[in-house]
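In: Model the following, please.
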Amino acid sequence: MAGEPPVRPLAAAAAKRTLDAEQRVRDALRELDYERVTVTFASVAERARVSRPFLYQHAELRAQIEALRTTQAPAPVPVGNRASDASLRTRLRAALDDSQRQREEIARLREELALAHGRVRELELDRRACRT
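Out: This is a model prediction of the structure:
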């Protein structure tokens, strides 16, 4: 009929967009897994050009993402980005030295605090003695 709105073509177009998006997500999952990139909802959404809510709303896609997340081993750190033994020793020595300085400072501050408490106590006793 000429007066009726074209509902079916709109529904068909929406269904096609959804199917296209689902296919992009599946392709993205294969690519990310092949490239050994950590699979997250954000990385899949970005690669597939869909929203994260879209991924959460589609149970099958969500299950695939969660399955890949649990089976993926963490990516090894490239050799060029690893810290050398000498670098690690230097950082450890600096941390130990810093820790020692902090312990010494805490001990000094505790002594000062004890002296200040003692002085306050003396002043309170003097004040009480002056009242009586």
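
In: which residues in the protein form helices?
Out: Taking DSSP state H to define them, one finds helices in the chain at 7-34, 41-48, 52-57, 59-71, 85-131.

In: In space, what's closest to the spatially most central residue of the chain - neighbours in sequence excluded?
Out: Per C-alpha atoms, centre = their mean, the C-alpha nearest to the average position across the chain is that of residue 40, at 11.7 Å. Computed as C-beta to C-beta, 6 or more residues apart in numbering, the closest residue to residue 40 that is not its neighbour in sequence is residue 69, at 7.0 Å. All C-beta atoms are positioned from the backbone trio N, CA, C, and that covers glycine.

In: right, and the one you found touches residue 39 too?
Out: Yes: contact criterion C-beta atoms under 8 Å: residue 69 and residue 39 qualify, at 5.4 Å.

In: Quick check: which of the helices of the chain has the most neighbours on average?
Out: helix 41-48 (a mean of 18; mean count of other C-beta atoms under 10 Å).

In: Tell me the pLDDT of the residue lying farthest from the centre of the chain.
Out: Distance from the C-alpha centroid of the chain, by C-alpha atoms, centre = their mean, peaks at residue 132 (64.3 Å). Note on residue 132: pLDDT of 72.
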